[in-house]
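J.: build the 3D model from these lines:
(chains A and B)
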Amino acid sequence: MRIVVGRSMFVLLAAIVAGAVSVRAHHSFSMFDTATPVTLAGVVSSVEWTNPHVYIELDLAEPVKGARHWSIELGSPSILQRGGWKFNSVRKGDKVTAIVSPLKSGEPGSLLTRITLPDGRVLGNGGPAGVGPGTTEPSATPRAK
Amino acid sequence: MTRMGRILAITVLLVACITALPHAQSSPGRNISGAWVPMGAGRGAAAADPKIAPPPATPIVLKPAYAKMFEARRAADAEATKRGDAPATPAVLCLPYGMPRMMTVASYPIEILLTPGQITIVTEAFSEVRRVFLDQPQLPIDEVPPGFYGHSVGRWDGDTLVIDTVGIKESVPGYNLMPHSDQMRITERIRLVTPDVLHDQITIDDPVALEKPFTYTLAFRRLPNYKMVEFVCENNREYIDEQGRVRMRVGGQK
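T.: Presented below is the predicted three-dimensional model:
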């Protein structure tokens, strides 16, 4: 049996690639339930500004889905910088509110959609390529999905 | 030849040598140095402008054994997607992409560095590095230790940089997860289609896996003054469980 991937398949594949969220670097995000966003309000217990993803750990005032502690996955530092983030935009002890897509598994892990910082600023989960610090183009407007 | 003639000839030769090297890579048509972002990801599809749209890919025609492998991979991915799981690719484990997949990873830029005798391509995702040795003969495939980047040689054909790469190990995922053998040969023709748009036409030949070579083209947009960001995969919370599903460790689980 032969597999022939013709123009239509290429166009389809190209569309999939083009449509991929720009934070996608090393895995698909299909483990997160993007159709059912959850709001998490609490105090940041740690921030890990690392690759392949940045993580925020959050202690909640009130439990959500039975958990008082949630992990939030973000894009990579590169992607976040394009969206106006700095490594210290969020710090341990900050009171924040985050809109997230929870894990489909039911565990208290999630993917960030947007976060409101103590000063009221709202940051999304990254930005398009080639914007932000170090470029000649205007900074990205934080995205809201 | 008179003494004056010899001096004149040597002078002309020296001037030619001095001017030729920088010129080889400084012609405006060869100004591919710097950072580039894949078009179609992040900001506007290349297809939006027909003048810079890459031509469509030619068909992939695999030999029966490899077609079966390709079909199995695609079926596994489709099944994972249907379940709502992320496909369990090597990148989940933070393994670099290797050639040719590394040339376009989501919206992560690449950086092209031109130096005498060598062109170096650095990717932001996973900080992958390719070294292209200019104007050298290619090694026989069987003399190149199979790896992620293989052995690349390049030459300028007018204002087109032609790169020949061999020595990619079979476990490195190919174009769209296409399986390949260790006899794969990657030929790239890289050129500016406008001063700020770059095309990388990639032809994959593999006499073991493919019935015939196929070609696809990547488009990149120039990112003036962009500073590449480091990418060391030090904190990977994703893993593949016993059922082959991609999972995320939460709450500091180890």
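J.: center of chain B - which residue?
T.: Among the residues of chain B, the one closest to the centroid is B:Met103, at 3.6 Å (Cα atoms, centre = their mean).
J.: who touches that one in this structure?
T.: Going by Cβ atoms under 8 Å, 6 or more residues apart in numbering or on different chains, B:Met103 touches B:110, B:121, B:123, B:200, B:202, B:218. The way it works is simple: take the backbone N, C-alpha and C, and place the C-beta from them, glycine included.
J.: residues making contact with the helix or strand harbouring the fifth one?
T.: Secondary-structure assignment from DSSP states H and E places B:Ile202 in strand B:197-205. Counting contacts by Cβ under 8 Å, 6+ apart, the residues outside strand B:197-205 that touch it are B:32, B:36, B:39, B:46, B:52, B:54, B:100, B:103, B:174-175, B:178, B:180, B:184-193, B:210, B:213-222.
J.: strands - which of those land there?
T.: B:36, B:185-193, B:214-222 (DSSP state E).
J.: ok, back up a step: farthest-separated two in the contacts of B:Met103?
T.: By the measure Cβ to Cβ, B:Thr123 and B:Ile202 form the most distant pair in the contacts of B:Met103, at 14.8 Å.
J.: in the sheet, who's paired with the closest residue to B:Pro55 other than its chain neighbours?
T.: Computed as Cβ to Cβ, 6 or more residues apart in numbering or on different chains, the closest residue to B:Pro55 that is not its neighbour in sequence is B:Thr217, at 5.7 Å. Bridge pairing for B:Thr217 (DSSP bridges) gives the partners B:Gln201.
J.: list the contacts for B:Thr217?
T.: B:Thr217 neighbours (Cβ under 8 Å, 6+ apart): B:54-55, B:57, B:199-202.
J.: rounded mean pLDDT for stretch B:100-113, please.
T.: Averaging pLDDT along stretch B:100-113 yields 94.
J.: pull out the buried residues from that stretch.
T.: B:100-112 (16 or more other Cβ atoms under 10 Å in any protein chain shown).
J.: just name the shakiest helix or strand of chain A by mean pLDDT.
T.: helix A:7-19 (a mean of 33; mean pLDDT, DSSP states H and E).
J.: mind listing the helices for the chain?
T.: In the absence of a named chain, this looks at chain A. A:7-19, A:77-82 (DSSP state H).
J.: wait, chain B
T.: All helices of chain B, identified by DSSP H, fall at B:3-26, B:64-83.
J.: hmm, the shortest one touching chain A?
T.: Just to be clear, that refers to helix B:64-83. Yes: among the residues of helix B:64-83, B:64, B:67-68, B:70-71, B:80-81 lie within reach of chain A under Cβ under 8 Å from any Cβ of the partner chain.
J.: just the closest of the residues you listed to chain A, please.
T.: Checking the residues of helix B:64-83 next to chain A against chain A with Cβ to the nearest Cβ, the nearest one is B:Ala67 at 4.5 Å.
J.: what's the separation between the spatially closest residue to B:Gly158 that is not a sequence neighbour and chain A?
T.: Ranked by Cβ to Cβ, 6+ apart and with sequence neighbours excluded, the top spatial neighbour of B:Gly158 is B:Gly29, at 7.5 Å. From B:Gly29 over to chain A the distance is 23 Å, taken as Cβ to the nearest Cβ, to the nearest Å.
J.: neighbours of B:Gly29, how many?
T.: For B:Gly29, the neighbour count with other Cβ atoms under 10 Å in any protein chain shown is 12.
J.: you'd agree it is up against B:Asp157?
T.: No: look at B:Gly29 against B:Asp157 with Cβ atoms under 8 Å: they stay out of range, at 11.3 Å.
J.: related to what we said a few turns ago, by neighbours, which of the residues of helix B:64-83 next to chain A wins?
T.: B:Phe70 leads the residues of helix B:64-83 next to chain A on contacts (other Cβ under 10 Å) with 23 neighbours.
J.: that residue is in contact with B:Met178, isn't it?
T.: Yes: applying Cβ under 8 Å, one finds B:Phe70 in contact with B:Met178, separated by 5.8 Å.
J.: joint contacts of these two?
T.: The contact sets of B:Phe70 and B:Met178 overlap at B:Leu62 (Cβ under 8 Å, 6+ apart).
J.: quick one: pLDDT of B:Glu170?
T.: On pLDDT, B:Glu170 comes in at 96.
J.: which residue is the nearest non-sequential neighbour of it?
T.: Distance criterion Cβ to Cβ, 6+ apart; nearest residue to B:Glu170, sequence neighbours excluded, is B:Asp182 at 5.4 Å.
J.: okay, the one you found: pLDDT?
T.: B:Asp182 is assigned a pLDDT of 96 by the prediction.
J.: what is the neighbour count of it?
T.: 19.
J.: roughly how far does it sit from B:Thr89?
T.: According to Cβ to Cβ, to the nearest Å, B:Asp182 and B:Thr89 sit 20 Å apart.
J.: ok, now A:Glu48?
T.: 23 Å.
J.: neighbour count winner among those two?
T.: Taking neighbours as other Cβ under 10 Å, A:Glu48 and B:Thr89 compare with B:Thr89 leading, 20 against 15.
J.: the more buried one and B:Asp159, how far apart?
T.: According to Cβ to Cβ, B:Thr89 stands 36 Å off from B:Asp159.
J.: again with B:Arg83
T.: From B:Arg83 across to B:Asp159, the span is 48 Å (Cβ to Cβ).
J.: quick check: buried residues in stretch A:80-97?
T.: A:80-85, A:89-90, A:94, A:96.
J.: which among the contacts of strand B:197-205 count as buried?
T.: The neighbour-count criterion (16+ other Cβ under 10 Å) marks B:32, B:36, B:39, B:46, B:52, B:54, B:100, B:103, B:174-175, B:178, B:180, B:184-193, B:210, B:214-222 among the contacts of strand B:197-205 as buried.
J.: now do the contacts for B:Asp157.
T.: Listed by Cβ under 8 Å, 6+ apart, the contact set of B:Asp157 reads B:Arg189.
J.: is it in a bridge, and if so with what?
T.: Applying DSSP bridges, one finds that B:Asp157 bridges with B:Thr160.
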